Structure formats: C-alpha cells, structure tokens
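S.K.: just a sequence and a predicted model for now, questions to come.
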Amino acid sequence: MNEARDAVADLRRIAFLLERAHESTYRVRAFRTAAGVLDRRDADEIVSLVRTGELVRLKGVGEVTARCVTESVAGEEPDYLRKLEEAELPPLDEAATALRSAIRGDCHTHTDASDGGSPLREMVQTAQELGHEYMVITDHSPRLTVANGLSADRLRAQIRQIADLNAELGDGFRVLTGIEVDINEDGSLDQDDDLLAELDVVVASVHSKLRMPRAEMTERMLTAVANPRVDVLGHCTGRMVTGNRKRPESQFDADEVFAACAEYGVAVEVNSRPERLDPPKRLLRLAVEAGCSFTIDTDAHAPGQLDWLRNGCERAAACDVPADRVLNTHPLDRLLTRTR
C-alpha cells in the first residue's frame, strides 16, 4: 500500500492552481474550505473519516473534495490535481524569463481584510513558497466600501499584525506594510497623511469616476503623483479587457503624467492581473521613454494569483522595460530606501 499523501496540502495545491488559472471563486472556495476543515484534524483522524464514510458528512467537505482526500489518503495523487498540474503554462521568452527571475517580491497584494479571499498568513506562506523575499500588503482604503476598505483604525491594527508576523518569521522573509489608497476626484489621497507616512509602500490608484474628462483626470493624477507619500501609481488606465466587467481606458495626458512620475520618483505599476494588463503596451513604452521607474505587481486577491507575475514580466520585456528600473527587482533595503 502506498504511503498516504498530505490531503490538506493537496487540497491547497488544487486551490492554488485554480486561482492561478483565474477559475471561478466558488470552485476555489470549495477546496480552500475543505482544506481549512481538515487542517484542524490530525492525519489519523482524516484516515478514519475516509474509512468510515463520515468525511462527506463534515460541513465544508463536498463529494469532489472528499474524493480528492480519499485518493490522497490512499497514497495517490488526486486525479483533479494531476489534470491541473498537466495544464502547463506557456513558456516565456528569454527576456521575460530573465526579468521574472530578477523579481524579488510583490508590491501590490490584498488579503481578506479588504476584498481578498485569504488571510494574511496564507498569502505570506504562498509568497514564501514562490521564492519571494518580501511582499507588500496593500489592502484598500476606506472610501472603497464595496471592497471593505480599511479605516484608519483597521489599518493600524493590520500594521501591528504584520509586525507580530515579521517577529515570528525572523530573517529571510519580510512582510511590508502598505495600502492601495484611492485617489480622490481632487487628487487627494483617501487616508490620513500621518498614517500613510508610517507605511513602507503606498500604491495610489483611481477607482471612481473613471470616465472623467481628459483634462480633469490628468490634473487629478498629477496632483496624486506630486504627493510625497505616493510610491507607485497603480493600474493607471483602470481598463478591464476581459470578463463581464470590460471597461475602456480612462483618458488622460500620458506624456504629462509619466513625466511627473519620473520627476517625483513615482513608479508606474505594470499590473499583471489578466483582466487588467495595465498599462497598455503603447503607454508602457511611453513610460519607458519618459524615464519612469516601475513595479511589476500581481494585484493578487488570492494565493494562486501571486503567481501572475509572469504576465507582467512578459509585457514589460516586450516593451523593453529595463530590469534595473523595476523596483521589486531590488533587494529589500534598496527598495525601502527608495520608497521611504
């Protein structure tokens, strides 16, 4: 008889691969929920539940997840997992591969504190497994109520939580404090200035009134970029290119905005979400010509999405973004020197 596999690890791996493939949330949740239920039980108890047929009676474990657990307990790779593993990602070209290898961390990620699907600890564990040296937690600011944006008090609590987690992790990996702060209509930022000053990295993004007239949107973005608290300009056009939320680009004077980013040392984000892929390549080339720095980020809302960096690296390489101008290719101390 084959030695039993780690059933919880197999369920989590399935969830990771589903998230990476951008599968539906309900499908991912089924596997993460089952993993959470079984993680509270030891291996012998899981084996007993399988043998007695009681596994499917547990709240949060369905027929599909139970079948995967049964196969894991029998020492077999679950068929569901095997099929996902066999769906290989398309290869990157040499330049994109080199850029991906140079990336040391992710500067734009979300947890279940705002609109992410997983807790801080699970996001951090996945980032470590992917070989990151650091990650920045950038949950939303309070104005974005649809995303459960963090009030000042909730953000302070998260800062304390991250400090405790870093003390536990020790050397070798660092969780950085951050925020994806809304750029208000007048270009001001949707969080207390003193609190923004405490953070390691501030990503500023437009999430509202995306169809403002070109001149007004340009002024709005220029005001935000000139704010000394801003480190990164997030998904600058706000476009959505796939799915049910397709949305055109916001209109603004890209030459002016990118010139301001270069002047004030604000990085232009290369957003790796497959429905965003923002900025478009023509604007990304403009930003390179303007002398901008960059971050290549996943904007991950789930652990598996942390593996989307390859999307941004592919587009950045195609637009000749120099690796040394990508801030998250820098070691931690150099990144923090720049953002602070």
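M.R.: Nice, thanks for sending it over. These numbers come from a predicted model, not from an experiment.
S.K.: would you report the backbone torsion angles of Glu180?
M.R.: phi -100, psi 100 (degrees, to the nearest 10).
S.K.: doesn't Ile137 make contact with it?
M.R.: No: Glu180 lies out of contact with Ile137 (C-beta atoms under 8 Å); the separation is 9.7 Å. All C-beta spots, glycine's among them, are computed from the backbone N, C-alpha and C.
S.K.: any shared contact partners between the two?
M.R.: Contact criterion C-beta atoms under 8 Å, 6 or more residues apart in numbering; residues bridging Glu180 and Ile137 by contacting each: His110.
S.K.: leaving out chain neighbours, which residue sits closest to Arg211?
M.R.: Ser250 (7.0 Å; C-beta to C-beta, 6 or more residues apart in numbering).
S.K.: where does the one you found sit, in terms of helix or strand?
M.R.: According to DSSP states H and E, Ser250 maps onto no helix or strand at all.
S.K.: what's around it, how many residues?
M.R.: Ser250 has 21 neighbouring residues, counting by other C-beta atoms under 10 Å.
S.K.: look up how far Val232 lies from it.
M.R.: 17 Å (C-beta to C-beta, to the nearest Å).
S.K.: just to be sure, Arg285 is in a helix?
M.R.: Yes: looking at Arg285 with DSSP: H, G, I helix; E, B strand; the rest coil, it is inside a helix.
S.K.: that one and Ala318 touch, don't they?
M.R.: No: look at Arg285 against Ala318 with C-beta under 8 Å: they stay out of range, at 9.3 Å.
S.K.: the strands in the stretch 101-250 of the chain, which residues?
M.R.: 105-109, 134-137, 174-182, 201-205, 232-233 (DSSP state E, counting those that start in this stretch).
S.K.: any chance of these in TSV, plus distance to Gly291 and mean neighbour count?
M.R.: As requested, those are exported to TSV (distance: least, C-beta to C-beta, whole Å; neighbours: other C-beta atoms under 10 Å):
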stretch	distance to Gly291	mean neighbour count
strand 105-109	20	28
strand 134-137	23	27
strand 174-182	24	25
strand 201-205	20	26
strand 232-233	14	28
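S.K.: including mean pLDDT, could those strands go into JSON lines?
M.R.: Output for the strands of the stretch 101-250 of the chain, formatted as JSON lines (pLDDT from 0 to 100):
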{"stretch": "strand 105-109", "mean pLDDT": "98"}
{"stretch": "strand 134-137", "mean pLDDT": "98"}
{"stretch": "strand 174-182", "mean pLDDT": "98"}
{"stretch": "strand 201-205", "mean pLDDT": "98"}
{"stretch": "strand 232-233", "mean pLDDT": "98"}
